[in-house]
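1. Predicted model and sequence follow; I will ask about them next.
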Amino acid sequence: MRQYYILLFFIFSSCHDTKIVPTVIAPVVTFPGSTPKDSISVFKNFTFRFAIDTAQVAEGDSFVSVIPDVSNTLAGISYISSDTLTKNQFFTDNFKRINFRNTLRNGIYSFDALILINSQDTLIKNVFNLTVNIDFIKHLKYDTNIIALASRQNFQSDTPTFFGTKPVTFFLQTQPDMPAISINNVKGVINIAESVLPGNYKLSVTAKNPKGFSSFSEIINFTVGGSLNTSADAISFGEKIVPIIISNCGKCHLTYREYHTAFSQADNIYDRITRKVGDPKKMPQAITLTNLEIEAVKKWIDTGKNP
């Protein structure tokens with residue numbers, strides 16, 4: 001059973017003519033392999049999290065983290081390694097992902113995030129952890145890493161190739177979350193059921209052998225057609241709606257940040273966020289979403305509920 005340990009507190013320090021710099025120690029999670037956590041870091045209505053905040057790779061493999069979830073537009077972000085790694089070993093791309101080069105040696109690497117919020121630097125501790133081991137599974141790949149389905153239909157990938165000690169057990173993480181996508185834990189074959197919702201999906205695989213776990217982020221990207229709205233005015237669930245849910249509804253409705261749940265509950269969500277203060281079915285109870293946030297949810301629904 002997964003165990004989640006949340007450690008969230010604030011340390012404030014100041015000196016003469018120096019602005020206060022708050023340090024937020026983010027939730028710590030333990031799990032077997034790369035598994036999304038159910039806790040998030042919140043500071044003054046600002047939310048920052050990696051859906052997958054721990055990864056393991058083989059020495060000699062490169063790795064890219066998932067895009068972090070944030071509830072507001074960032075003025076600036078940088079990552080700080082506890083091991084003082086250099087730009088030759090990791091860097092941040094335009095999507096705020098951490099990119100690890102294949103020059104990392106055996107070891108455990110921890111990263112903090114330095115974020116500029118309201119003209120103030122905020123240090124969020126322990127946002128990502130990477131373990132590198134020479135004995136982990138390496139160079140895992142599928143013959144086809146970009147898949148486009150014209151409509152909702154069954155699909156099965158090829159068996160992946162890799163180097164490393166067997167036996168191997170495979171685990172799958174999809175972004176956005178989609179139960180209709182699964183993986184054969186023994187063979188590593190990915191199955192897409194015809195019940196999958198239209199949208200764009202990124203698949204990450206974790207491979208476990210007797211030596212440990214290896215993470216392969218966004219190893220396959222695929223698109224399912226159908227009713228997907230590709231117009232410029234379409235609203236993306238991941239980019240626009242998830243930050244609203246995390247910031248306002250995350251304490252009570254963590255599952256609503258999962259695409260398939262929000263997709264099926266969209267009309268109910270809109271009904272409850274538009275109810276008046278005092279209505280027992282209003283959501284959230286303590287606060288009211290801004291007009292822009294409510295309009296974004298409505299536009300997401302009206303334009304086809306894109307992922």
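-> Cool, the structure landed.

2. isn't residue 168 right up against residue 184?
-> No. Between residue 168 and residue 184 there is no contact under CB atoms under 8 Å: 11.4 Å. For the C-beta atoms, the positions are set from N, CA and C on the backbone; glycine is no exception.

3. neighbour count winner among the two?
-> residue 168 (19 against 14; other CB atoms under 10 Å).

4. Distance of the more buried one relative to residue 186?
-> To residue 186, residue 168 is 8 Å away according to CB to CB, to the nearest Å.

5. For residue 263, grab phi and psi.
-> The phi/psi pair for residue 263 (degrees, to the nearest 10) reads phi -60, psi -50.

6. same deal with the one 4 residues further on?
-> As for residue 267, its main-chain torsions (degrees, to the nearest 10) stand at phi -60, psi -40.

7. again with residue 94
-> phi -70, psi -20.

8. With residue 237 as the reference, measure out to residue 253.
-> Residue 253 sits 14 Å away from residue 237, going by CB to CB.

9. Looking at these two, which one has more neighbours?
-> Using other CB under 10 Å, the more surrounded residue of residue 253 and residue 237 is residue 237, with 21 against 18.

10. is it true that that one touches residue 262?
-> Yes. Applying CB under 8 Å as the test, residue 237 and residue 262 come out as touching, 6.5 Å apart.

11. Can you pull the residues that touch both of those two?
-> Applying CB atoms under 8 Å, 6 or more residues apart in numbering, one finds that residue 237 and residue 262 are jointly contacted by residue 305.

12. residues in contact with residue 111?
-> By CB under 8 Å, 6+ apart, residue 111 lies in contact with 79, 80, 81, 82, 98, 126, 127, 128, 129, 130.

13. mind listing what the nearest residue to the fifth one once chain neighbours are set aside touches?
-> Yep, that's residue 98 we're talking about. Counting by CB to CB, 6 or more residues apart in numbering, residue 98 lies nearest to residue 65, which is 4.3 Å off, once chain neighbours are set aside. By CB under 8 Å, 6+ apart, residue 65 lies in contact with 50, 52, 55, 97, 98, 99, 128, 217.

14. Ramachandran angles for the residue lying closest to the first one once chain neighbours are set aside?
-> Yep, that's residue 50 we're talking about. Using CB to CB, 6+ apart and skipping residues adjacent in sequence, the residue nearest residue 50 is residue 68, 5.1 Å away. Taking degrees, to the nearest 10, you get phi -70, psi 150 for the backbone angles of residue 68.

15. And the one 10 residues further on, by the same measure?
-> When quoted as degrees, to the nearest 10, the phi and psi of residue 78 stand at phi -140, psi 160.

16. Quick check: it vs residue 217, distance?
-> In this view, residue 78 and residue 217 are 20 Å apart by CB to CB.

17. More neighbours: which of those two?
-> Set residue 78 next to residue 217 and count neighbours by other CB under 10 Å: residue 217 wins out with 21 against 12.

18. Give me the pLDDT value at the more buried one.
-> The confidence metric pLDDT takes the value 86 at residue 217.

19. Residue 38 too?
-> For residue 38, the model assigns a pLDDT of 36.

20. got it, and the one 10 residues further on?
-> Predicted confidence (pLDDT) at residue 48: the value is 77.
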